[in-house]
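Undergrad: the following comprises the amino acid sequence and a computationally predicted model.
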Amino acid sequence: MLALPRPRRMSKETRRNLVAGLIFSSPFTLGFLAFTLYPMVASLVYSFQHYNGGGEQYGVQWRNYTYLFQSDDQFHQAVFNTLYMVVLGVPLTLVVGFLSAVLLNLPVKGQAIYRSAFVLPAFLPLVPVAMLWNWMFSAENGIVNYVLGFLHLPQPGWLIDPGWSKPSLILLNLWTVGTVTIIYLAALQDVPEALYEAAELDGAGWWSRLRHVTLPMVSSASFFNLITGVVATFQIFATAYVITLNTYNQNVVGQPQGSMMFYLIYLWQQAFTYARIGYASAMAWLLFVAIMIVTVALFIGSRRWVYYAGDAR
Amino acid sequence: MAVKKFRRGLVSVPLFITLVSSSVIAYSQPARSAGMITLNIAGCWTDSGQGGSFQRVVNMYNKVQNKVHVVPTYNNGVAKILTQELGGSPPDVYFDCSTAEVGSWAKNGYILPLQPYIDKSHFDVGTITDSARRYITYQGQSWAMPFLEDTFMLLYNRTLFKQGGLDPSKPPATFEQMRTYADKLTKVDSSGKITQLGMLPTWAGSDFVGTWLPVYITAFGGTLIDSSGKQVTANCPQCVQALQWERSYYDKWGASRIDRFSSQFASLASAAGNAFFSGKTAMVIEGEWNPKFAAEYAPKVDWAVAPLPYPAGHPELLGSGMAGGNPGMIMKGSKHPDEAWNFLRWIETLPPTMAFANAINNVPQLKAALSSPQLDSNPKYRQFVHYAFGPKVVVFPVTPVSSEFANELTQIEDLVVHGKMTPKAGLDKVTKDIQAKLGGNSVP
């Protein structure tokens, strides 16, 4: 018998597989390191520095953060505007998304057409949608105010009125509620018919069935929509930016009267027009932490109201 | 089968796009010989008319020398160029449409100081107009070469003047007169809706320094910063007067009614339906590009140009004004700064300057242009050119925070005319904020 060489820790094949595996996963790994991890670490460092991408660069400890909280009115306004959208816009999106899904779930003729019509706007690119709405919401000759005038209803200034600009944006978001609707629609179809039958036998009316059967059974969909909605709304940018750009001078973002100055718009302005990289990094990290806290809180709170089918509870 | 076909189709679509676009790109590039240095020249102009003219003028350079090949692009914004500079691959030269970036880009080291090049090549900056030289100078040094300049005057609609019982050959001389005329020329229908505006003082028609508040302040005899460039004076008595003057029109006719009426106009200066070209606004403050634009977008509007008004009792302020322009800056990340400088020197000669000035009707930045037989003979355009060459035309202060200064002025102007703040309180806030940012390192 020949004495075989003592095997190394890995067989040749395992090693080859490992190398192949690493090579095949390297696009992601390298991409992650270069385009996600490195920028994140760098921006964390910048957030504690005075840094403009050139010129002087030095540590300022927590000053970027304290300045944001203590002295920056526009930042406060941006936080308020963004929270407004989160607190009012997201629940509305859920309600409208759910109700539209309930309607689209009804077995009527032409169901597919209604479903397409509802869901289609969600797949249109945001920029043209924003421009379209800009035009429809025009205070003086927009179609929305034309219809309102025809019905002898008040015609708000919509996008040029600081009191109406954010509600206008919420309306626009409701128009693109289709993705939420789809998820609810899928969830609705998963609700076992037997539960409804049982409830009906117990004498439950439509409201009780909705309240005690449907809502709990789609609560996981609600939760998903809530989380994604909150995260997306914290980062609202494109529609608001395009609308202001179209209505006002291109240099001044957030008009009318600062009512559309959202968190990311302000961050964008600080970073890419004023080149305050350090300051904008601090803002980005605050947003990251804020979204994380809210998400964790929602997850913890969800234990009280989210029901997963098959849960042993 | 169908799926396979579909997939093959999917693959071929991007392939097709790539092929077509690369051939289009290859086709659109002028010929160049091997071994030449490529200079990327980026322009800010957004529309194809002005941007296209810019490309044609820059391409003229390819014919007059044989060492470099210039590749001009347009529709480049500040954010894009800044990102490219920070990413290490900026164009060699960037022509901004605003003068607000020169100071901050110089301070932050995104652009190269031009003084060493000027000294080395014995370039005489005295050939450039005083106002254009002001907007390229930061802390006593030149940081850019100007390519044309802008100035602003009073534009008024002669037809509306006649209809309102005013003499169309007598534009308002003072701001007080302009306000009175504006009231006379404002029309309201039976339901209380405005159907014609006497003036639109906050119209955001320009991208150079926010709206026109800095121009009004200058015309009222105020200054935004003291002569040392260190003390912000945006709350000067004349500054407050200027903003109060704007606000008085809004107070009289109702800010939301004016907003509503003016929202139907196109917000761009280069559009047929803008406030003035629509023929529904009697007076605006606007720039020298309008003769060209009007010929294209509003050939039927009968309008005229007048000097900016002055406050009553101060005729010595007649001829005051503000100039903006297009500073051409060599980006720090440029691979060929020497060649870029040679290019900038070339634009400070008459042929490219006159070609571009006449193409887009901006004010030429060279003193010699005034007597050049090539200067466009359009009388309205020439009024602007003469105005810009006047001794009382200043520029928006060149500081490291000019962009924010202009933006905050616009924001405050918006709040003040809508009655959310008094002019004094608003301008006090601007002064305090900008002073803090200008003052040093205590602010991010």
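TA: Yep, it's here.
Undergrad: does A:G54 belong to a helix, a strand or coil?
TA: Following DSSP: H, G, I helix; E, B strand; the rest coil, the label given to A:G54 is coil.
Undergrad: what about the residue lying closest to it once chain neighbours are set aside, how many neighbours?
TA: Excluding the flanking residues, the one nearest A:G54 by CB to CB, 6 or more residues apart in numbering or on different chains is B:G109, at 3.8 Å. Every residue, glycine included, has its C-beta placed from N, CA and C. By the criterion of other CB atoms under 10 Å in any protein chain shown, B:G109 has 15 neighbours.
Undergrad: isn't B:G109 right next to A:A275, touching?
TA: No: taking contacts as CB atoms under 8 Å, B:G109 lies outside contact range of A:A275: 10.6 Å.
Undergrad: common neighbours of the two, please.
TA: Taking CB atoms under 8 Å, 6 or more residues apart in numbering or on different chains as the contact rule, B:G109 and A:A275 both touch A:G54.
Undergrad: how far off centre is the helix or strand containing B:E404?
TA: Using DSSP states H and E, B:E404 falls within helix B:402-417. Helix B:402-417 sits 16 Å away from the centroid of its parent chain (CA atoms, centre = their mean, to the nearest Å).
Undergrad: interface residues of the stretch 1-150 of chain B facing chain A?
TA: Residues of the stretch 1-150 of chain B lying close to chain A (CB under 8 Å from any CB of the partner chain) are B:V78, B:A79, B:L82, B:T83, B:E85, B:L86, B:S98, B:S104, B:K107, B:N108, B:G109, B:Y110.
Undergrad: pull out the buried members of these.
TA: Burial by neighbour count, judged by 16 or more other CB atoms under 10 Å in any protein chain shown, picks out B:V78, B:L82, B:T83, B:E85, B:L86, B:S98, B:S104, B:K107, B:N108, B:Y110 from the residues of the stretch 1-150 of chain B next to chain A.
Undergrad: can I get these in a markdown table with secondary structure and pLDDT?
TA: Output for these, formatted as a markdown table (DSSP: H, G, I helix; E, B strand; the rest coil; pLDDT from 0 to 100):
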| residue | secondary structure | pLDDT |
| --- | --- | --- |
| B:V78 | helix | 90 |
| B:L82 | helix | 92 |
| B:T83 | helix | 91 |
| B:E85 | helix | 93 |
| B:L86 | helix | 88 |
| B:S98 | coil | 89 |
| B:S104 | helix | 92 |
| B:K107 | helix | 91 |
| B:N108 | coil | 91 |
| B:Y110 | coil | 95 |
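Undergrad: returning to what we had before: give the buried residues for whichever helix or strand comes after the helix holding B:E404.
TA: Sequence-wise, the next helix or strand downstream of helix B:402-417 (DSSP H and E) is helix B:423-439. For helix B:423-439, a neighbour-count test (16+ other CB under 10 Å) marks B:P423, B:G426, B:L427, B:D428, B:K429, B:V430, B:T431, B:D433, B:I434, B:Q435, B:K437, B:L438 as buried.
Undergrad: what are the ranges of the helices in the stretch 1-150 of chain A?
TA: A:12-32, A:38-46, A:63-71, A:73-84, A:90-104, A:111-119, A:126-136, A:143-150 (DSSP state H, counting those that start in this stretch).
Undergrad: now the stretch 301-444 of chain B
TA: Counting by DSSP H, counting those that start in this stretch, the stretch 301-444 of chain B has helices at residues B:337-347, B:350-360, B:379-388, B:402-417, B:423-439.
Undergrad: what does the shortest one rub up against?
TA: Residues external to helix B:379-388 that are found in contact with it (CB under 8 Å, 6+ apart): B:129, B:131, B:149-151, B:153, B:287-288, B:290-292, B:304-305, B:307, B:319, B:321, B:323, B:361, B:363-364, B:369-370, B:375-376, B:393.
Undergrad: tell me which of these fall in strands.
TA: In this view, the contacts of helix B:379-388 that belong to strands under DSSP state E are B:E149, B:D150, B:T151, B:M153, B:G287, B:A304, B:V305, B:G321, B:A323, B:V393.
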